[in-house]
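[1] generate coordinates for the sequence data below:
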Amino acid sequence: MEMTIQNPVVRTQVIGDPAIRNSAAAVSGEPRDERRPHIVAVGTAVPPTSYTQQELLEKFHVRDPRVRSLFLSGSIERRNLVLPPTGPDGVPLVESQGELLRKHTRGGLAMGREAIDRCLDQAGARRSDVRYLCCVSSTGFLSPGFSALLIKDLGLAHDCARLDVVGMGCNAGLNALTAVAGWAATHPGELALMVCIEACSAAYVFDGSMRTSVVNSLFGDGAAALGVVAPGDDGPAAREGPALLRFSSHIIPEAAGAMRYDWDDDQGKFSFFLDPQVPYVVGAHAETALSRLLGGAGLRRSHIAHWIVHSGGKKVIDSVRLNLGLSRHDMRHTFSVLRDHGNLSSGSFAFSYKRLAAEGAVAPGDFGVLMTMGPGSTIELALVRW
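    Residues are numbered from 1 along each chain as shown. Just a heads-up that it's a prediction; the model follows:
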């Protein structure tokens, strides 16, 4: 499959007033515009059941050395999953597409509710304060979607605006955050939430093939919620979270089939596919994507103090790191989320952001880059400033 791309499609969006008026202002520490949307809180949730990679191999009686190598060589130690019950032969039962969809709904609502409540608690807000809810998911299809179900389940205001971002894949968290920041910018003082809900164990196919084994060795279940506010005239100044300055997309249409979630006639269910060339395609375009984001703000890579990159898998992370000239320390939270949870799809970057925020390593004026990658093939980026 040839995926050397010459002419990717690029989109850049600035939220609110120009993010940085010129490079001198950007680097000198000139006071930032407090009216821009800020991330004010983050909350995460995972299922209570966690398995090591070795435990999963034994649970599913996997003996193929190639598959075992996939599980044990990917820098993942544990993942939180909701597995099917065990049959008489001691092996987990095969779930139908209907059963998987019910797992997606049931588990997604439980994780989404927990992540939202933790986010609100950190923000010092109540459920009734939520004025906009954007839900992201790629592990199942619902209509009505998670946004309507969570508004009912949590008792949110009936006039709460909402949006569902469905099927965009691992990059979708930043696509959704673009929409959330845009809404917040036009509704100063009002709380907007983005919640990524990924019940990846509801998207598994167990047929022993290398195609499905790659997916089965990588993804975990989790949800992450981010609270966003653009301070109003009468409201308090934004909390300590960063301002959302710019968003940028870098799309590689010729690699559209490299990551996909489509119907498997033989299995009678949806199945996810990852081309082996994905890490190299993403890595090869990472520098171009980043240069477009930073160049529009008059910044260089050396101005970025913090990196929050999607935990897509060991090869993807290494490819991005090497192509951008980053250290393992720069991507420590990306690696640690992969180690502890696997690839959490659209919410992975928010788990890493939570670890950075808890670390206490940021200082006022620091710049950060958020980066996610997924089907399209797409690299999504955001520039933030504390």
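[2] all strands for the protein, in order.
    Shown for the chain, the strands assigned by DSSP state E span residues 9-14, 38-45, 50-52, 78-80, 130-137, 161-166, 191-198, 222-229, 243-251, 259-264, 269-274, 304-309, 367-374, 378-385.
[3] of all those, which one is nearest Ala350?
    Ala350 lies closest, by CB to CB, to one member of the strands of the chain: strand 222-229, at 3.5 Å. C-beta coordinates here come from the backbone N, C-alpha and C atoms, glycine included.
[4] in its sheet, what does that closest one sit against?
    Using DSSP bridges, strand 222-229 pairs in its sheet with strand 38-45 (antiparallel), strand 191-198 (antiparallel).
[5] and it, what's its mean pLDDT?
    The average pLDDT within strand 222-229 is 98.
[6] what stretches of the chain score poorly on pLDDT?
    Counting by pLDDT under 70, the chain contains low-confidence ranges at 1-34, 233-240.
[7] one step back: CSV for the strands of the chain, including distance to Gly347 and mean neighbour count?
    Formatted as CSV, those follow (distance: least, CB to CB, whole Å; neighbours: other CB atoms under 10 Å):
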stretch, distance to Gly347, mean neighbour count
strand 9-14, 21, 14
strand 38-45, 7, 24
strand 50-52, 17, 15
strand 78-80, 12, 22
strand 130-137, 8, 26
strand 161-166, 12, 18
strand 191-198, 3, 30
strand 222-229, 4, 30
strand 243-251, 17, 25
strand 259-264, 16, 14
strand 269-274, 16, 20
strand 304-309, 12, 22
strand 367-374, 10, 26
strand 378-385, 14, 27
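[8] I'd like those as JSON lines, with distance to Ser336 appended.
    Shown next, in JSON lines, are the strands of the chain (distance: least, CB to CB, whole Å):
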{"stretch": "strand 9-14", "distance to Ser336": "30"}
{"stretch": "strand 38-45", "distance to Ser336": "13"}
{"stretch": "strand 50-52", "distance to Ser336": "15"}
{"stretch": "strand 78-80", "distance to Ser336": "12"}
{"stretch": "strand 130-137", "distance to Ser336": "22"}
{"stretch": "strand 161-166", "distance to Ser336": "26"}
{"stretch": "strand 191-198", "distance to Ser336": "18"}
{"stretch": "strand 222-229", "distance to Ser336": "14"}
{"stretch": "strand 243-251", "distance to Ser336": "24"}
{"stretch": "strand 259-264", "distance to Ser336": "23"}
{"stretch": "strand 269-274", "distance to Ser336": "22"}
{"stretch": "strand 304-309", "distance to Ser336": "12"}
{"stretch": "strand 367-374", "distance to Ser336": "16"}
{"stretch": "strand 378-385", "distance to Ser336": "20"}
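[9] out of the strands paired with strand 222-229, nearest to Ser69?
    Closest approach to Ser69 among the strands paired with strand 222-229 is made by strand 191-198 (25.3 Å; CB to CB).
[10] so how far is that closest one off the chain centroid?
    Chain-centre distance of strand 191-198: 11 Å, with CA atoms, centre = their mean, to the nearest Å.
[11] so how far is Leu326 from Asp318?
    10 Å (CB to CB, to the nearest Å).
[12] and what of Gly347?
    22 Å.
[13] more crowded one of those two?
    More crowded of Gly347 and Leu326, by other CB atoms under 10 Å: Gly347, with 34 against 19.
[14] you'd agree that one is up against Gly222?
    Yes: if you go by CB atoms under 8 Å, Gly347 and Gly222 touch, sitting 5.6 Å apart.
[15] need the residues touching each of these two.
    Applying CB atoms under 8 Å, 6 or more residues apart in numbering, one finds that Gly347 and Gly222 are jointly contacted by Thr44, Glu198.
[16] helices of the stretch 151-300 of the chain, start to end?
    172-185, 210-216, 278-295 (DSSP state H, counting those that start in this stretch).
[17] as CSV, those with distance to Val229 and mean neighbour count would be great.
    Output for those, formatted as CSV (distance: least, CB to CB, whole Å; neighbours: other CB under 10 Å):
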stretch, distance to Val229, mean neighbour count
helix 172-185, 6, 24
helix 210-216, 37, 19
helix 278-295, 23, 20
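[18] would you turn these into CSV with distance to Leu383?
    Shown next, in CSV, are those (distance: least, CB to CB, whole Å):
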stretch, distance to Leu383
helix 172-185, 11
helix 210-216, 31
helix 278-295, 6
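[19] these: which one's closest to Asn80?
    Here helix 210-216 is closest among the helices of the stretch 151-300 of the chain (CB to CB), at 14.6 Å.
[20] who are the packing partners of that closest one?
    When contacts are defined as 3 or more CB pairs under 8 Å, 6 or more residues apart in numbering; DSSP states H and E, helix 210-216 packs onto helix 65-72, strand 269-274.
[21] dump the ones you listed into CSV; add distance to Met331 as well.
    Formatted as CSV, the helices and strands packed on helix 210-216 follow (distance: least, CB to CB, whole Å):
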stretch, distance to Met331
helix 65-72, 22
strand 269-274, 20
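[22] among those, which comes closest to Ala45?
    strand 269-274 (22.1 Å).
[23] so what touches that closest one?
    Residues contacting strand 269-274 (CB under 8 Å, 6+ apart): 96-97, 100, 203, 205, 211-212, 214-215, 218-219, 258-264.
[24] dump it to CSV, restricted to CA.
    C-alpha atoms of strand 269-274 as CSV (Å, rounded to 0.1, in the frame of the first residue of the first chain):
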residue,chain,number,x,y,z
LYS,A,269,-19.8,-7.3,13.3
PHE,A,270,-17.7,-4.2,12.9
SER,A,271,-13.9,-4.6,13.0
PHE,A,272,-11.1,-2.1,13.3
PHE,A,273,-8.1,-2.2,11.0
LEU,A,274,-4.6,-0.6,11.4
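[25] quick check: angle from that strand to strand 259-264?
    Strand 269-274 and strand 259-264 meet at an angle of 150 degrees, taking axes from the mean of the first three to the mean of the last three CA atoms, to 10 degrees as the criterion.
[26] nice, that's everything, thank you.
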